[in-house]
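Colleague: Generate a structure from the sequence data that follows.
(2 chains)
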Amino acid sequence: MEAIVNLSYLIAVTLLIVGLRRLSSPATARSGNLLAAVGMGLAIVATILSPIESGGNNYTVITVAMVTGTIIGLIMASKVQMTAMPELVSLFNGLGGACAVSISLIELYNYQKLMASGSADIGVSMGTHLTTLLAMFVGAVAFTGSLIAYGKLAGKIRDVYIPFTGVLNIALLVLIIGLTVYRVFSPDATFTLPLMILIVSLIYGITFVQPIGGADMPVVISLLNAFTGVAAALAGIVYGNQPMIIGGILVGSSGTILTILMCKAMNRSLLNVVIGGFGSVAAAKADGGDKTIVEATANDVAILMRYASQVMIVPGYGMAVAQAQKACKELDNILSEHGVSVNYAIHPVAGRMPGHMNVLLAEADVPYPKLLDLEEANDLLKETDITLVVGANDVVNPAALDDPSSPIYGMPILEILQSKAVVVLKRSMNTGYSGIENPLFFHEKTKMLFGDAKKSIQSLIEEVKSLG
Amino acid sequence: MEAILSFIEQNPITLYMLLMATYLGFELISKVPTVLHTPLMSGANAISGIVTIGAILLVRQSAPDDYLSLGLGFVGIVLGMINVVGGHAVTNRMLDMFRKK
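Modeller: Reported below is the predicted structural model:
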């Protein structure tokens, strides 16, 4: 039996690695996800059948729990709106962290009982004890941190600026390290200390994510995802379980790389993001001056687009909120019929998650080659006649290029002012998610078309049609 | 310090495994088009649900009357399974949209 279990684990780990590899290429991504899911299922079945030294198996408890979790997971995954995906991923991630917390808590408690009965071999167990404490800490931070990220993305938790969070966070971290070291070297018979470490870790997860806001949220989710992976790997070391160790570490390291890639896309360091304050610090306001905006009508814009040769659509979170992706595609179709070349400029952090816009546009059947990344888009923008900004804001803010006082100064943006004309579809004159004023709206090349993005695009479609 | 050294001495293969898996993770992801960042993050999130295995082992190793372990283990399995099943399902939903129709 043991040999079969080990063989299954080996196959499962292979499937996870191949699955992750295939997930990173568009043509193979679906099969990658399925392979990883099969690998996961195989690892779970093997775990259920693996021989154990002691214990009551408790298969009823396991079955009921697995069925419950599976049903809830399937319902949540099938009911979620595509716009709400980022927060769902964050929520799922938090639950994984909570799972790591619950098992390490029990392991610590059992260790405690062994110690009280004097049967724990301290020399051997110290490393395991430390690993378990670390798994609990990392899992707890991933748990509460992901819940805060979920709340922020779902609009349930507001960005509130709390003074001295930087100092508070460092103090909490020092406290956790201190308590953990003390606990490992002088384990006593009370369970108070591990519980204290847990509580401080849970608080740290909250204060770690709370000051981070604005455009940095995707980075935080990716980072917390890496944390859950590390927690799983640490728990895997405690159990000596290879699939947990390898699966966890794979997520830990790939999540870290993904986080760094996202930071690079915004030209910021990870440390800078973690210290936070991006969305919470009062926005740098451009000073007075005469700032006029030019409003356009759907008819004006339709004429511009109909007789253009190159049109660029720049989607942002506003497109997701208004569910305007299908309307975009329809406008694209009509313009293409008239020989207009239509492309989409996708900023790496447009929306609330990298790739968010790609997913939504793919949902609307926009062909993959039409989605241009930052560099391709900036090249093509020089030859573009009209750029249509659909609910994007910070990623097209020219202050990032020329205003050193702007919080986003230095972030690479879509340089849409390179194109001949810019039309911004916007609900109102409010600032973007990061709360920074956008000089783009006051630029002489820019015209504003106010209203719900979907309705605005639909009226553009009508106007283009009426032009014949 | 002694404890750490003895831990290293007792788990050399585990540590090498950690090292290689870390490197593998870096390499696997280093060339990913932006279009796949969200599905990839979601898929990786589902894989991190492998922690469920720990909860299953915990419940199996518990005595049938150890209600604390069974209770927290139960919660752990439920949460972990939501992470695994929900994570893979939502990733699949995202990737379905890339399919040529």
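Colleague: Can you list the helices and strands that the longest helix seen in chain B packs against?
Modeller: Ranked by residue count, the top helix of chain B under DSSP state H comes out as helix B:12-29. Here helix B:12-29 touches helix A:2-23, helix A:217-239, helix A:242-265, going by 3 or more C-beta pairs under 8 Å, 6 or more residues apart in numbering or on different chains; DSSP states H and E. Glycine gets a C-beta too; all of them are placed from N, C-alpha and C.
Colleague: does any bit of the longest one sit next to chain B?
Modeller: Yes. Helix A:242-265 lies in contact with chain B when judged by C-beta under 8 Å from any C-beta of the partner chain; the contacting residues are A:242-258, A:261-262, A:265.
Colleague: Pull the distance from that helix to the chain's centre.
Modeller: Mean C-alpha position of helix A:242-265 versus that of the full chain (C-alpha atoms, centre = their mean, to the nearest Å) differs by 13 Å.
Colleague: swap in the second one?
Modeller: Its chain's C-alpha centre and that of helix A:217-239 lie 13 Å apart, by C-alpha atoms, centre = their mean.
Colleague: CA-only coordinates of that helix in CSV, if you can.
Modeller: C-alpha atoms of helix A:217-239 as CSV (Å, rounded to 0.1, in the frame of the first residue of the first chain):
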residue,chain,number,x,y,z
MET,A,217,-4.1,45.7,-4.4
PRO,A,218,-3.3,43.1,-7.1
VAL,A,219,0.3,43.0,-5.9
VAL,A,220,-0.8,42.3,-2.4
ILE,A,221,-3.1,39.5,-3.5
SER,A,222,-0.3,37.9,-5.4
LEU,A,223,2.0,38.2,-2.4
LEU,A,224,-0.6,36.8,0.0
ASN,A,225,-1.0,33.9,-2.4
ALA,A,226,2.7,33.2,-2.1
PHE,A,227,2.3,33.3,1.7
THR,A,228,-0.4,30.6,1.6
GLY,A,229,2.0,28.5,-0.5
VAL,A,230,4.7,28.9,2.0
ALA,A,231,2.4,28.1,4.9
ALA,A,232,1.3,24.9,3.0
ALA,A,233,5.0,24.0,2.5
LEU,A,234,5.9,24.6,6.2
ALA,A,235,2.9,22.4,7.2
GLY,A,236,4.2,19.8,4.7
ILE,A,237,7.6,19.8,6.5
VAL,A,238,5.8,19.1,9.8
TYR,A,239,4.0,16.1,8.2
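Colleague: tilt between it and helix A:242-265?
Modeller: Interaxial angle, helix A:217-239 versus helix A:242-265 (axes from the mean of the first three to the mean of the last three C-alpha atoms, to 10 degrees): 160 degrees.
Colleague: and helix A:217-239 with helix B:12-29, angle?
Modeller: 160 degrees.
Colleague: Report the mean confidence score over helix A:217-239.
Modeller: Per-residue pLDDT values over helix A:217-239 give a mean of 91.
Colleague: Could you do the last one as well?
Modeller: Summarised as a single mean, pLDDT over helix A:242-265 is 88.
Colleague: returning to that earlier point: of all the helices and strands packed on helix B:12-29, which gets the most neighbours per residue?
Modeller: Of those, the one with the most neighbours on average (mean count of other C-beta atoms under 10 Å in any protein chain shown) is helix A:217-239, at a mean of 29.
Colleague: For that helix, enumerate the helices and strands it packs against.
Modeller: Using 3+ C-beta pairs under 8 Å, 6+ apart, the elements in contact with helix A:217-239 are helix A:85-116, helix A:122-153, helix A:242-265, helix A:270-275, helix B:12-29, helix B:37-48, helix B:52-61.
Colleague: For these, which has the smallest mean pLDDT value?
Modeller: helix A:270-275 (a mean of 73).
Colleague: what's the residue closest to the geometric middle of chain B?
Modeller: Taking C-alpha atoms, centre = their mean, the centroid of chain B lies closest to B:S48, which sits 2.5 Å from it.
Colleague: Does that one touch A:F92 like I think?
Modeller: No. If you go by C-beta atoms under 8 Å, B:S48 and A:F92 don't touch, sitting 9.1 Å apart.
Colleague: And A:K454, how far from chain B?
Modeller: 18 Å (C-beta to the nearest C-beta, to the nearest Å).
Colleague: CSV for the helices and strands packed on helix B:12-29, including distance to A:M40?
Modeller: As requested, these are arranged in CSV below (distance: least, C-beta to C-beta, whole Å):
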stretch, distance to A:M40
helix A:2-23, 7
helix A:217-239, 12
helix A:242-265, 8
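Colleague: Straight-line length of stretch A:396-408, end to end?
Modeller: End-to-end distance for stretch A:396-408: 11 Å, by C-alpha to C-alpha, to the nearest Å.
Colleague: what does stretch A:393-407 give?
Modeller: Per C-alpha to C-alpha, the first residue of stretch A:393-407 is 14 Å away from its last.
Colleague: Give me the contact status of that stretch with chain B.
Modeller: No. Contact of stretch A:393-407 with chain B (C-beta under 8 Å from any C-beta) is absent, the minimum separation being 12.2 Å.
Colleague: following the lowest-mean-pLDDT helix or strand in chain A, which helix or strand comes up?
Modeller: Least confident helix or strand, chain A: helix A:270-275 with a mean of 73, by mean pLDDT, DSSP states H and E. On the C-terminal side of helix A:270-275, the closest following helix or strand by DSSP states H and E is helix A:298-306.
Colleague: Show me what that next one is packed up against.
Modeller: By 3+ C-beta pairs under 8 Å, 6+ apart, helix A:298-306 packs against helix A:325-337, strand A:386-390, strand A:421-426, strand A:446-450, helix A:453-466.
Colleague: Which positions in the third one come out as buried?
Modeller: By neighbour count, with 16 or more other C-beta atoms under 10 Å in any protein chain shown as the criterion, the buried positions of strand A:421-426 are A:A421, A:V422, A:V423, A:V424, A:L425, A:K426.
Colleague: Please apply the same query to the longest one.
Modeller: Of the residues in helix A:453-466, those buried by neighbour count under the rule 16+ other C-beta under 10 Å are A:A453, A:K454, A:S456, A:I457, A:Q458, A:S459, A:L460, A:I461, A:E463, A:V464.
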